[in-house]
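Asker: any chance you can model this:
(one chain, ligands or ions: 1)
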Amino acid sequence: MLSHRVPHDHEPNAWARFLEQCRTADMRLLDLSETNPTRVGLGGAGPEELAALARAEGARYEPDARGSRAAREAVAGYYADRGEAVAPDHIVLTASTSESYTHLFRLLADPGGVFLVPSPSYPLFEPLAALEGVNLRPYRLAYDGAWHLDRHSLEEAFAGDVRGVIVVQPNHPTGSCLDADERALLETLCERHGAAIVADEVFGDFPRPGRVAPLPSLVGGARVPTFVLSGLSKVCGMPQMKLGWIVTGGPGTAREEALHGLEWIADLFLSVSTPVQVALPALLAARGAFQRRVRERLAANLARLDGLIARRPELGVLAAEGGWGAVLRVPRQRSEEEWALGLLARGVVVHPGHFYDIAGEGYLVLSLIPEPDLFAAAIARIEEFAAEV
Ligand SMILES: Cc1ncc(COP(=O)(O)O)c(C=O)c1O
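Answerer: Numbers count the residues shown, from 1 in each chain. Sure thing, here's the model as predicted:
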């Protein structure tokens, strides 16, 4: 009865089944898979921001498919503060980054069209693509002390009609970005094959502590149609507000054509509520305090991880440039599944690396935003479990 777009097998994997059992048994869990800022005491919306949602203008309905002018100007102001000139007319508001992806899949490809996606990366692309009837093909990121684009795998992935290449920077969970040469190669290949770039930069405000240079951005990309995604979830710690955006760049005619198409798609849904658009300038203005709290937390939790690595050199943390996650290398005497299940039995929730397609057994993925006391307690249990190998 149902389409092939939705999954027919709802069986959870062994780890998810065990996690459910632990939760049902009311076990106190130290959750290092938590990336929701509102659940770790970091949510960015205080009384002032909530009051902005109740402004009288929010009672009127005068929809603009791209989002209200004032809201788009607020997003342009956010980029201006980062030193990037973006015209409000080149911005389209959405209800979330996930929705931005689905709009772009529909805009750029017919059913069966191909998008290239980084691997390892965030596991949401697969179901979003399945829902829109488009196909994904991975290109590899490889680690040799730092993450690099595997150029050969990107070139190979360009076989046939590729509609777009997804780039996540900093990527989740690797925390990696493209360097200038990698970006140039990507743009050359996209130009040659008529493909667009979709750059997810939701973590772009969160460099690793101590990094001086700002994280790279594809805003202002000029050679090929480029769509940069971000939103309130990570910029302000307000995933519950349901507001994301797409910054459209690239050669003028293609950009205008894309904007018309995006506007047409957005007009069918008008999915961004008026109150959140009215409140957007106030919500974005609150980001400084939120981002400072996150940076302090990233620094505190990374210092804990460094302490663990110093005491147990058989463990390691992969080098990263930014983001909210860390990849922990663990000895291969246990499989990733055994590590993750064993830690769950000790009350610690971490994701095995294969959830993100990290190649080779021996990686765990940790969120760096949990509350520092909880993070420290979880690290102590990881240390005990590592000592049992
Ligand atoms: C890389 C990446 N992109 C997008 C999102 C989702 O953002 P949104 O809440 O705006 O859909 C996440 C959420 O964790 C993410 O990790």
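
Asker: contacts only, for residue 236.
Answerer: With CB atoms under 8 Å, 6 or more residues apart in numbering as the criterion, the residues that contact residue 236 are 44-45, 283-284, 286-287, 290. Where you see a C-beta, it was placed from the backbone N, CA and C, and this is true even at glycine.

Asker: cool, residue 315 as well?
Answerer: Residue 315 sits next to 308-309, 328-331, 386 when contact means CB under 8 Å, 6+ apart.

Asker: between these, which has the most around it?
Answerer: For the contacts of residue 315, the largest neighbour count, defined by other CB atoms under 10 Å, is 26 neighbours, found at residue 330.

Asker: what is the longest strand of the protein by residue count?
Answerer: Ranked by residue count under DSSP state E, the longest strand found in the chain is strand 135-143.

Asker: continuing past that one, what's the next helix or strand?
Answerer: Helices and strands here follow DSSP states H and E; after strand 135-143, the next one along the chain is strand 147-149.

Asker: now that following strand, how far from the chain's geometric center?
Answerer: Strand 147-149 has its C-alpha centroid displaced from the chain centroid by 17 Å (CA atoms, centre = their mean, to the nearest Å).

Asker: can you list the strands that it pairs with?
Answerer: In its sheet, strand 147-149 lies beside strand 135-143 (antiparallel), with partners assigned from DSSP bridges.

Asker: near the ligand, anything from the strand it pairs with?
Answerer: No: counting by CB under 6 Å from any ligand atom, no contacts exist between strand 135-143 and the ligand, the nearest distance being 13.6 Å.

Asker: which positions in that strand come out as buried?
Answerer: In terms of neighbour count (16 or more other CB atoms under 10 Å), strand 135-143 has its buried residues at 136-141, 143.

Asker: got those as a markdown table, with pLDDT and distance to residue 378 columns?
Answerer: Converted to a markdown table, the buried residues of strand 135-143 look like this (pLDDT from 0 to 100; distance: CB to CB, whole Å):
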| residue | pLDDT | distance to residue 378 |
| --- | --- | --- |
| 136 | 97 | 33 |
| 137 | 98 | 36 |
| 138 | 98 | 31 |
| 139 | 98 | 33 |
| 140 | 98 | 30 |
| 141 | 98 | 27 |
| 143 | 97 | 24 |
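
Asker: and stretch 264-274, does that touch the ligand?
Answerer: No: for a cut-off given as CB under 6 Å from any ligand atom, stretch 264-274 has no contacts with the ligand; the smallest distance is 11.8 Å.

Asker: which residues are in contact with that stretch?
Answerer: Counting by CB under 8 Å, 6+ apart, the neighbours of stretch 264-274 from elsewhere in the structure are 57-58, 60-63, 65-68, 71, 92-95, 99, 103, 106-107, 242-243.

Asker: can you tell me the closest non-neighbouring residue to residue 195?
Answerer: Excluding the flanking residues, the one nearest residue 195 by CB to CB, 6 or more residues apart in numbering is residue 162, at 4.7 Å.

Asker: give me the beta-bridge partners of the one you found?
Answerer: Beta bridges link residue 162 to residue 114 when assigned by DSSP bridges.

Asker: what about it, distance to the ligand?
Answerer: For residue 162, the distance to the ligand equals 21 Å [CB to the nearest ligand atom, to the nearest Å].

Asker: over to residue 158?
Answerer: Counting by CB to the nearest ligand atom, the separation of residue 158 from the ligand is 23 Å.

Asker: hmm, back to that, ok, so of the contacts of residue 315, who is nearest residue 369?
Answerer: Out of the contacts of residue 315, the one with the shortest distance to residue 369 is residue 328. That distance is 15.4 Å, counting by CB to CB.

Asker: which strands or helices does the host helix or strand of residue 103 pack on?
Answerer: Assigned by DSSP H and E, residue 103 falls within helix 97-108. The elements that helix 97-108 packs onto, with contact taken as 3 or more CB pairs under 8 Å, 6 or more residues apart in numbering; DSSP states H and E, are strand 91-94, helix 125-132, strand 162-168, strand 196-200, strand 226-231, strand 244-249, helix 252-269.

Asker: and the angle for that helix with strand 162-168?
Answerer: 160 degrees (axes from the mean of the first three to the mean of the last three CA atoms, to 10 degrees).

Asker: ok, the closest residue to residue 83 other than its chain neighbours - contacts?
Answerer: Excluding the flanking residues, the one nearest residue 83 by CB to CB, 6+ apart is residue 214, at 7.8 Å. Residue 214 is in contact with 82-83, 207, counting by CB under 8 Å, 6+ apart.
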